[in-house]
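Have a look at this fold, sequence not included:
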């Protein structure tokens, strides 16, 4: 296998000489130009654009800070990730991988990063927001850089780190390092809980493995066994072109075959998957549900231009029991090289990053999709079919190194949902960044709006028929919307889960964090300055007239549903009046429901008895009209029998009552004749079938 350049050598990359930012907002007809609406939005919310697009009278609370990680020399920002959850009232914690350290920022409102972002003016440097340099990575003041310190540093034992991934609980952090080491650390106490090695240890306690470029956690979900839900599974891949699956709660004594002299917990992986011919740079996992249940798949992207989908269900099923013996583990390791690859997709360039898009209620697809970035293009794949659904020309000049998918609320427009309820207009955007210093933003609304995708495909089909030409169609079009050029090559980009922070890492170790402006709907009054401060006694006693905050839990009092008149009569056990009220409502479903309820209460005879000609006529008319309908026949047959038994002695005394009884008799007679004809037809069919079998 070809040797690869170490990450420490990449730090010598020189930034381009230009420090200007290029924008194009003059037209919407050219696909390489930015849309004016998108430019204004990103400029106002994240300062990703020229200040001339922001109206001078319109204020924005967007803030930003640029700092350098506390690493000796200039180390590349290899990876940036956010914790999947946050404490109420606090921002999401951020992990920045740079050199031999993993720095944790912004887990609380009192952290140095949160304090730096909360300042509307840089008092330490004397530069206001209006005087801020126009370049995203312009002049960085050393005083401002020193002000932002990490909350905690996770030590990797001197080994350069390349990737990190939070567990779903937000407390555990898996880190991929050089020499094939995977460390599992506690994000709170900074302790290293376990260490996995991809290769046996040499003398002196060093591993001879290649760097681990991608790590992650397998979320087994509630649809599987209870034992598997409690287990924590890690996957890793790197420059040795091998995908490995590790069990965090694995055996520490029987599986430490990679340790030297019994030191450490370097256990074997529970599964090893090979197939790539070059380094694996990205790896991700997704779940899918089919007729057989929930399944877990792993997707890897490699420098050999291929994307592979791996089946790991048999691995998880075989390791579901915590009492598995070392013999079964060794047998699984021997069979780990079996072909688990489900599909192979050719990206056409070295793959740098992967993103999984899970289906939603409004999406136009029902199985997870994969976005792959490599070279200067992004492709959308269906991993189940191994088919490319779309090719996105990102207009990058150099390799795309990172991308992220984010959602945002646009303006105060409200759209109607499937049930007619009003909801905010949510837009989806794909953000890509590369070594050319470009940040490109594409629309991903077509993935989450089935109606938009259908109309787009119909328009293209009509245009193709008119032109009479065959064109290579993209099932999902993700047009270019906005772009910005910075002065430094970008190696990592990430967006917070709540869409409030955009983090960009560069090759020189500088990190820029952009905090978006708060969303304030138009027409909503701002909080008065005279209102009591939160946490005070006056704030607690402000009364019921105070407006609820965005994070307050509002208890909605449901109005008591008004009962129908026949329901009120049933509660009072007035069965005859309940039947009369149901007949007066002239709703067949309600009348049948009341009759069924009277039958369950054994009050049907009481409700039908003691009626004169005026009150008997409605129930007789309803029974004679609807008894032939199959939906009401079962209950009305019993009602008809009761009416005949009760009022047989009054037959002939009233012409109206006699007419309804005769009508009822005619319906019953016709139904009996129909049933007799059907029985004769069945007999004839049986005779023919018997003769055919002879």
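Thanks, I have the structure now. Note that this is a predicted model, so its numbers are computed, not measured. Residues are numbered from 1 along each chain as shown.

can you map out the strands along the stretch 301-450 of the chain?
Per DSSP state E, counting those that start in this stretch, the stretch 301-450 of the chain carries strands over the ranges 306-311, 341-346, 351-357, 369-374, 377-382, 387-393, 400-416, 422-434, 438-443.

out of these, which comes closest to residue 669?
Between residue 669 and these, the shortest gap by Cβ to Cβ is with strand 400-416, which sits at 52.9 Å. In short, each C-beta sits where N, CA and C put it, glycine included.

What average pLDDT does the closest one get?
If you average the pLDDT over strand 400-416, you get 75.

thinking again about what came up before, redo the strands of the stretch 301-450 of the chain as a markdown table? Include distance to residue 167.
Putting those into a markdown table (distance: least, Cβ to Cβ, whole Å) gives the following:
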| stretch | distance to residue 167 |
| --- | --- |
| strand 306-311 | 21 |
| strand 341-346 | 26 |
| strand 351-357 | 17 |
| strand 369-374 | 22 |
| strand 377-382 | 27 |
| strand 387-393 | 31 |
| strand 400-416 | 20 |
| strand 422-434 | 25 |
| strand 438-443 | 29 |
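
where among these is the average confidence lowest?
Looking at those, the bottom one is strand 400-416 with a mean of 75.

which non-adjacent residue is nearest residue 307?
Leaving aside its sequence neighbours, residue 307 sits nearest to residue 345 (Cβ to Cβ, 6 or more residues apart in numbering; 4.3 Å).

looking at the strands of the stretch 301-450 of the chain, which is buried most?
The highest mean neighbour count among the strands of the stretch 301-450 of the chain, using mean count of other Cβ atoms under 10 Å, belongs to strand 369-374: a mean of 24.

lowest average confidence, helix or strand, in this protein?
helix 7-10 (a mean of 40; mean pLDDT, DSSP states H and E).

okay, now residue 564: neighbour count?
16 (other Cβ atoms under 10 Å).

what residues are up against it?
581, 585, 590 (Cβ atoms under 8 Å, 6 or more residues apart in numbering).

Same question for residue 546.
By Cβ under 8 Å, 6+ apart, the neighbours of residue 546 are residue 531.

So it, which state does it fall into?
coil (DSSP: H, G, I helix; E, B strand; the rest coil).

ok, so what distance separates it from residue 540?
Separation of residue 546 from residue 540 (Cβ to Cβ, to the nearest Å): 10 Å.

among the contacts of residue 564, which are in helices?
Applying DSSP state H to those, the entries found in helices are 581, 585, 590.

Surely residue 188 touches residue 171?
Yes - if you go by Cβ atoms under 8 Å, residue 188 and residue 171 touch, sitting 6.0 Å apart.

burial count for residue 158?
So residue 158, with other Cβ under 10 Å, has 10 neighbours.

possible to save the contacts of residue 564 as TSV with pLDDT?
As requested, these are exported to TSV (pLDDT from 0 to 100):
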residue	pLDDT
581	92
585	88
590	91
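
Please give the element, helix or strand, for residue 175.
Secondary structure assignment for residue 175, by DSSP states H and E: strand 172-177.

helices and strands around that strand, which ones?
Helices and strands touching strand 172-177, by 3 or more Cβ pairs under 8 Å, 6 or more residues apart in numbering; DSSP states H and E, are strand 161-166, strand 181-186, strand 212-218, strand 233-238.

Redo the ones you listed as a markdown table? Include mean neighbour count and mean pLDDT.
Below are these laid out as a markdown table (neighbours: other Cβ atoms under 10 Å; pLDDT from 0 to 100):
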| stretch | mean neighbour count | mean pLDDT |
| --- | --- | --- |
| strand 161-166 | 25 | 92 |
| strand 181-186 | 22 | 90 |
| strand 212-218 | 24 | 92 |
| strand 233-238 | 26 | 92 |
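
What residues does residue 348 make contact with?
305, 374, 375, 377, 379.

tell me the phi and psi of residue 675?
Dihedral angles of residue 675 (phi, psi; degrees, to the nearest 10) stand at phi -60, psi -40.

okay, now it: neighbour count?
10.

One more: residue 688?
10.

Can I take it that it is in a helix?
Yes - according to three-state DSSP, residue 688 belongs to a helix.

Just give the closest residue to residue 580, not the sequence neighbours.
Once flanking residues are discounted, residue 580 sits nearest to residue 615: 6.7 Å by Cβ to Cβ, 6+ apart.

Would you mark the buried spots in the helix or strand encompassing that neighbour?
In the assignment (DSSP H and E), residue 615 maps to helix 613-626. For helix 613-626, the neighbour count (16 or more other Cβ atoms under 10 Å) marks 616, 617, 618, 619, 620, 621, 622, 623, 624, 625, 626 as buried.

can you give me phi and psi for the most centrally placed residue in the chain?
Most central in the chain under Cα atoms, centre = their mean is residue 358, positioned 5.5 Å from the mean C-alpha point. Backbone torsions of residue 358, given as degrees, to the nearest 10, read phi -80, psi 140.

pLDDT score for it?
Confidence score, pLDDT, at residue 358: 88.

same deal with residue 251?
On pLDDT, residue 251 comes in at 60.

and what of residue 563?
pLDDT, residue 563: 88.

how much space between it and residue 601?
17 Å.

try residue 629
24 Å.

Compare those two (neighbour count), which wins?
Higher neighbour count among residue 629 and residue 601: residue 601, with 13 against 10, using other Cβ under 10 Å.

For that one, which non-adjacent residue is closest in space?
residue 575 (7.4 Å).

Any idea how many residues pack against the nearest residue to residue 343 once chain neighbours are set aside?
What sits nearest to residue 343 in space, not counting adjacent residues and going by Cβ to Cβ, 6+ apart, is residue 386, at 3.5 Å. Applying other Cβ under 10 Å, we find 15 residues neighbouring residue 386.

Residue 386 and residue 481: what is the separation?
29 Å.

Residue 594 is nearest to which of the helices and strands packed on strand 172-177?
Judged by Cβ to Cβ, the one of these that comes nearest to residue 594 is strand 212-218, at 55.6 Å.

Can you give the contact residues for that closest one?
Contacts with strand 212-218, where a contact means Cβ under 8 Å, 6+ apart, come from 162-168, 172, 174-178, 180-182, 198, 232-239, 245, 279-285, 296, 300, 312, 316.

what does stretch 75-85 give?
7-8, 10-11, 69, 92-99, 107, 160-166, 168-170, 187, 491-494, 496-497, 503, 505-507, 509-511.

what are the ranges of the helices in the stretch 401-550 of the chain?
Applying DSSP state H, counting those that start in this stretch to the stretch 401-550 of the chain gives helices spanning 445-448, 450-467, 537-540.

now the last one: mean pLDDT?
Meaning helix 537-540. Mean predicted confidence for helix 537-540 is 78.

So which elements touch whatever helix or strand comes next after that helix?
For helix 537-540, the following helix or strand on the C-terminal side (DSSP H and E) is helix 565-571. Counting contacts by 3+ Cβ pairs under 8 Å, 6+ apart, helix 565-571 packs against helix 575-585, helix 588-600.

would you turn those helices into TSV with distance to residue 611 and mean neighbour count?
As requested, the helices and strands packed on helix 565-571 are exported to TSV (distance: least, Cβ to Cβ, whole Å; neighbours: other Cβ atoms under 10 Å):
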stretch	distance to residue 611	mean neighbour count
helix 575-585	8	20
helix 588-600	14	17
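
Just tell me which of the ones you listed ends up closest to residue 393.
helix 588-600 (58.0 Å).

C-terminal to the closest one, what's the next element?
Following helix 588-600 in sequence, per DSSP H and E, is helix 604-608.

just checking, what packs against that next one?
Applying 3+ Cβ pairs under 8 Å, 6+ apart, we find helix 604-608 packed against helix 575-585, helix 588-600, helix 633-647.
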